[in-house]
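[1] Kindly return the folded structure for what I paste below:
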Amino acid sequence: MPTLHKIRWGILGAARINQQLMPAIVGAENSELVAIASRRPDAAETTLKQYAPDVENVHIYNDPAELLNDPDIQAVYIPLASEEHALWTLRAIEHGKHVLCEKPIALSVTDIEAIQSAAEKNQVCVMEGFMYRFHPQHQRIQEIILSGVIGEVRSVRTCFAYPMQPARLYRINRPISQGGGAMWDIGCYAIHTARFHFGDLPARAVTAMAKHNEHGADVSSSGIIDFGDGKYAQFNFGFEHARRAEYEIIGTKGGIKCHNVWAKADEQPIISWQTDSGEQHSESLDLANHFQLEVEHFCACILNHQAPKLSLLDAKDNCKIILAALESVELGKTIQIN
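    Residues are numbered from 1 along each chain as shown. So this is what the prediction gives:
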């Protein structure tokens, strides 16, 4: 094992998600918070005092570009608006920084390909921030599937929703093409979880429908992803539903349900599964902080020169399905995926 070092982090933005990510960066054994930037006056300092009050010697920048010029920073976390992710990811890469970017890392496959090319050229690690994948409950579900007890996976149903609060209206105040709406915010989770449990099986087609607001942003959506051979994923997400973050997997012999995909560090993760032979099980798993596990994994990848669990190829595949679903809504027909 190599000698343990700490990756020095800068945060490009004072977004609300810092409530989860900032303590994760501070708490991870292989990371250190050294800087935060925000274009909003006093926002960076306020965020630091609110979410990491005991951390000293953190440099405050009033411009994200200035943070990227800091040679002491090795990795950056990008929590900016969705439409800014690709731009700032590319800028960070050009400055030789490793990048953990909030989902979605980009709004087009072309931008992801540009990020991939730049990362390879500059020899930096880049990962899209789907933090849920690092919670042990999902690995436990995979173990159950691989055991064969529920048979072959035939369908996955995902549901991600929460009622929109006034403080979050900025998420739906612009059209989908500019990063607004439910798809880029929580729909990407619904699609990502469905893909995960179908393994490497590529999606063939998508059919979707949605409700839009006066800004051209989707506020709710449902659809079906066709993985071929009668294997389908049904997704549902939106801002006009009671809070949900769950998925259910149905196989040829039984099924599994994850009751809280976004289980926080203090929330008990519970999964349940049953078989056609009459077995019924419910498992309460250990508490875990998926944000901190994500940060620790990313830092370990940098330190050990390893590829991250979530590749940019995975990001491209997710983006292809998202764009196909949006096109299906717009045209009112099934969209084939190349």
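[2] residue contacts, the closest residue to Gly181 other than its chain neighbours?
    Nearest residue to Gly181, sequence neighbours excluded (Cβ to Cβ, 6 or more residues apart in numbering): Ala217, at 3.7 Å. (Glycine included, C-beta is placed from N, CA and C.) Residues in contact with Ala217 (Cβ atoms under 8 Å, 6 or more residues apart in numbering) are Arg171, Ile172, Asn173, Arg174, Pro175, Ile176, Gly180, Gly181, Ala182.
[3] how does it look with 6 Å?
    Going by Cβ atoms under 6 Å, 6 or more residues apart in numbering, Ala217 touches Ile172, Gly180, Gly181.
[4] ranking the residues you listed by neighbours, who comes first?
    Neighbour tally across the contacts of Ala217 (other Cβ atoms under 10 Å): the maximum, 30 neighbours, falls on Gly181.
[5] Kindly provide the distance from that residue to Leu323.
    13 Å (Cβ to Cβ, to the nearest Å).
[6] Same check on Glu32?
    In terms of Cβ to Cβ, Glu32 sits 37 Å off from Leu323.
[7] same check, this time on His135
    27 Å.
[8] okay, the contacts of Ala217 in JSON lines with secondary structure and pLDDT next?
    Formatted as JSON lines, the contacts of Ala217 follow (DSSP: H, G, I helix; E, B strand; the rest coil; pLDDT from 0 to 100):
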{"residue": "Ile172", "secondary structure": "helix", "pLDDT": "94"}
{"residue": "Gly180", "secondary structure": "coil", "pLDDT": "96"}
{"residue": "Gly181", "secondary structure": "coil", "pLDDT": "97"}
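[9] Just name the closest of the residues you listed to Asn62, please.
    Gly180 (26.1 Å; Cβ to Cβ).
[10] Next up, the contacts around that closest one.
    Gly180 sits next to Ile172, Arg174, Ala217 when contact means Cβ under 6 Å, 6+ apart.
[11] which one of the residues you listed is nearest Ile60?
    Arg174 (28.5 Å).
[12] can you confirm that closest one is in a helix?
    No - secondary structure of Arg174 (DSSP: H, G, I helix; E, B strand; the rest coil): coil, not part of a helix.
[13] how many other residues sit next to it?
    If we define neighbours as other Cβ under 10 Å, then Arg174 has 17 of them.
[14] Over to Leu90?
    19.
[15] now the helix or strand where it lies: mean pLDDT?
    Leu90 is part of helix 85-94, with elements assigned from DSSP states H and E. Summarised as a single mean, pLDDT over helix 85-94 is 98.
[16] what's near enough to touch Ala28?
    Gln292, Val295, Glu296.
[17] Tell me, what's the model's pLDDT at it?
    pLDDT, Ala28: 97.
[18] got any ranges where this protein has weak pLDDT?
    1-4 (pLDDT under 70).
[19] Break this protein into its domains for me.
    Split into domains by automatic domain parsing, the chain comes to 7-132, 135-291+319-336.
[20] Spatially nearest residue to Gln274 (excluding sequence neighbours)?
    Gln280 (4.6 Å).
[21] Return the distance of that neighbour relative to His98.
    Gln280 is 45 Å from His98, by Cβ to Cβ.
[22] ok, these two, which is more surrounded?
    His98 (25 against 9).
[23] wait, that one sits on Ile302?
    Yes - between His98 and Ile302 there is a contact under Cβ atoms under 6 Å: 5.3 Å.
[24] which residues are common contacts for those two?
    Counting by Cβ under 6 Å, 6+ apart, the residues touching both His98 and Ile302 are Cys125.
[25] And the strands in the stretch 1-150 of the chain?
    Using DSSP state E, counting those that start in this stretch, the strands of the stretch 1-150 of the chain run over 7-12, 31-37, 59-61, 75-78, 98-102, 126-129.
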